[in-house]
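Colleague: sequence plus the predicted model coming up.
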Amino acid sequence: MKRKLFMGILILELLLFIFSIILKMEFVSKMIFCFLILSLLIILIKKYCNKNRIKINYFQRFKKTPIKKVSVVIPNYNYANYIEKRIESIVNQSYPIYELIILDDCSTDNSVKIIENIVNNLKKVKPDIIVKFVKNKKNSGCVFKQWQKAFELSTGDYLWIAEADDLCSKYFLNVAMQGFLNDDVALSFTESKGIDEEENVIYKDFRVWTDPYKENIFKTSFVKRGNDFINESLAINNSITNASAVIFDKRKNNNFIDILKSAQQYKLSGDWYFYANYIKNYSISYSSDSLNYHRVHQGSVTNTLDKNLKIEEVERVQKAITSICKISKNSQKKAGQFVNELKNELCSKES
């Protein structure tokens, strides 16, 4: 309320100032000035009344955040069409990155050539960033093996695993890193919006999936104890939609390699398993601003893999989480309900 009042007063003072300038002008000057103001208003209306525009907490966006060493790792496999813009969105963050590592998992398109050219150029124009390009000799066959490599190779205190086909606001890292102002936070993430192959916004956020029972868990930003977040959310479903929205504090959990090795038993849900185990003894931070742009592909792995595998992995992760955290009866009930609803949904798609 105070912020709205402040902004209202600021706009009123600006309008009075403009009006005072107009009064002092000659007729022709007044007409030119009014035309410029009208043009500016039309531009602002088009920009801010766009149905796809995401409301952002600008005070949070521009809040100064202490600079930490953030390593960014981009795992790539056949994303030649997206990799250039992806790298651009990372190196142009308002919060400076310390290190950029690109991992290529034996791409069969022309990703390698494109990345090599970008890396050579970055070393010239961004000498303050450590830039590395690592090419696998053999396809890993598992995205979580690439995650393990990301943790092992990165030298910064914080790690951002930025998927090669996603994008983000230039303020993403600044806002996400604000979560670590709380010393107990091990994982900080922001809300995501969904974009298609042409970068059109198709979802302004993912709350219909991350909060299926409309508990308003993600309506506002928060910092919570990991066990509390697991109990109310991760015990039911994977409520951290996209890995690209997540920053890890590597210093908080020194057994991350062991957790990732266990995560590799899952084809689809290894990230969900990893998040729960990573935060169980720490805290988690969330920003409700949709600053991560998750690209949704119609023919993605999660859309085409065997439906029974999806259900089986959801049940396995739910069971694994009950072994690491005390889950309330209410959350256990919702977890079972979630599985039943998933089964019904997948069966209806088959028919």
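Modeller: Right, received. Where do you want to start?
Colleague: what about the helices in the stretch 251-351 of the chain?
Modeller: Along the stretch 251-351 of the chain, counting by DSSP state H, counting those that start in this stretch, helices occupy 256-263, 270-279, 301-304, 307-322, 329-350.
Colleague: got the angle between the longest one and helix 307-322?
Modeller: If you take axes from the mean of the first three to the mean of the last three C-alpha atoms, to 10 degrees, helix 329-350 sits at 170 degrees to helix 307-322.
Colleague: what mean pLDDT does helix 329-350 get?
Modeller: Average pLDDT, helix 329-350: 89.
Colleague: tell me what it is packed against?
Modeller: On a contact count with 3 or more C-beta pairs under 8 Å, 6 or more residues apart in numbering; DSSP states H and E, helix 329-350 meets helix 307-322. Just so you know, the C-beta spots here come from the backbone N, C-alpha and C atoms, and that holds for glycine as well.
Colleague: can you point out the buried residues in the helix it packs on?
Modeller: For helix 307-322, burial by neighbour count (16 or more other C-beta atoms under 10 Å) applies to Lys310, Ile311, Glu313, Val314, Glu315, Val317, Gln318, Ala320, Ile321.
Colleague: tell me which of the helices of the stretch 251-351 of the chain lies nearest to Leu234.
Modeller: Leu234 lies closest, by C-beta to C-beta, to one member of the helices of the stretch 251-351 of the chain: helix 270-279, at 4.9 Å.
Colleague: what about Met31, neighbour count?
Modeller: Neighbours of Met31 under the rule other C-beta atoms under 10 Å: 11.
Colleague: pLDDT score for it?
Modeller: Reported pLDDT for Met31: 72.
Colleague: swap in Phe59?
Modeller: Phe59 is assigned a predicted lDDT (pLDDT) of 62.
Colleague: out of the buried residues of helix 307-322, the closest to Lys64 would be?
Modeller: Taking C-beta to C-beta as the measure, Lys64 lies nearest Ile321 of those, at 36.6 Å.
Colleague: out of the helices of the stretch 251-351 of the chain, which gets nearest to Glu199?
Modeller: helix 301-304 (19.2 Å).
Colleague: and Gly156, what element?
Modeller: In this assignment (DSSP states H and E), Gly156 forms part of neither any helix nor any strand.
Colleague: look at the closest residue to it other than its chain neighbours and say how many residues are nearby.
Modeller: Leaving aside its sequence neighbours, Gly156 sits nearest to Ser71 (C-beta to C-beta, 6 or more residues apart in numbering; 3.4 Å). The local packing of Ser71 (other C-beta under 10 Å) involves 24 other residues.
Colleague: that's a helix at Ser71, yeah?
Modeller: No - using DSSP: H, G, I helix; E, B strand; the rest coil, the assignment for Ser71 is strand, not a helix.
Colleague: from Tyr98, how far out is it?
Modeller: 6 Å (C-beta to C-beta, to the nearest Å).
Colleague: touching, Asn253 and Tyr282? I think so.
Modeller: Yes - the criterion here is C-beta atoms under 8 Å, and Asn253 meets it with Tyr282 at 7.3 Å.
Colleague: can you check which residues contact both of the two?
Modeller: Common neighbours of Asn253 and Tyr282 (criterion: C-beta atoms under 8 Å, 6 or more residues apart in numbering): Ala186.
Colleague: next one: Lys85 from Ala162, what distance?
Modeller: Going from Lys85 to Ala162 by C-beta to C-beta gives 12 Å.
Colleague: point out where the stretch 151-300 of the chain drops to low pLDDT.
Modeller: Applying pLDDT under 70 to the stretch 151-300 of the chain flags residues 299-300.
Colleague: skipping adjacent residues, who's closest to Lys310 in space?
Modeller: Per C-beta to C-beta, 6+ apart, closest to Lys310 is Leu268, 6.3 Å.
Colleague: overlap of the contact sets of Ser71 and Tyr98?
Modeller: The contact sets of Ser71 and Tyr98 overlap at Thr155, Gly156 (C-beta under 8 Å, 6+ apart).
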